[in-house]
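# what follows is a predicted structure for the sequence shown.
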Amino acid sequence: MACVIKSVTFDCTDALTLAGFWAAVLGTDVDEDATADSAYVEAAGWGGPNMWFTRVPEPKTAKNRMHFDLRPPSTTAQEVARLEGLGAEVVQRFDGRVVMHDPEGNVFCVEPGPEDR
């Protein structure tokens, strides 16, 4: 039998803040026992991996070697505007895809949505 991805863990400087950002992005909640040192976000919807956020002493120093590609429910432009309102930053725009940073500089992409035709 093969393994499944149970959770994705982020090293960060403020676990509660970063967990709050990703919970809002994914439409779910931060666990009620979360702190600035350790926070948990349960996957919303169809059961993707859960997310852990753990405070570490060292800052982020290099580009991510792995990142999320998000598919919005409507258009890329609408989702990018929503994510900017949550604290994300646009890094680069490509044809139909936008590269962004979360509040701690982790890279993720917004792919075209179903209304981007």
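Cool, got the structure. Everything numeric in this text was worked out from a predicted model, so none of it was measured.
# next, work out how far apart the residue sitting nearest the centre point of the chain and Ala44 are.
Nearest to the mean C-alpha position of the chain, by C-alpha atoms, centre = their mean, lies Trp22 at 4.5 Å. Trp22 sits at a distance of 10 Å from Ala44 (criterion: C-beta to C-beta, to the nearest Å). Using the backbone N, CA and C atoms, a C-beta is placed for each residue, glycine as well.
# one more: Cys12?
With distances taken as C-beta to C-beta, Cys12 is found 20 Å from Ala44.
# these two: which is more packed in?
More crowded of Cys12 and Ala44, by other C-beta atoms under 10 Å: Cys12, with 23 against 13.
# distance check, Val30 against Ala39.
Here the criterion is C-beta to C-beta. By it, Val30 lies 6 Å from Ala39.
# which residues of the chain score low on pLDDT?
Low-confidence regions of the chain, defined by pLDDT under 70, span residues 46.
# what ranges do the strands span in the chain?
Listed from the start of the chain, the chain has strands (DSSP state E) covering 7-12, 38-41, 50-55, 68-70, 89-94, 97-101, 107-110.
# what's the most buried one of those?
Per-stretch averages of neighbours, counted by mean count of other C-beta atoms under 10 Å, single out strand 38-41 among the strands of the chain, with a mean of 22.
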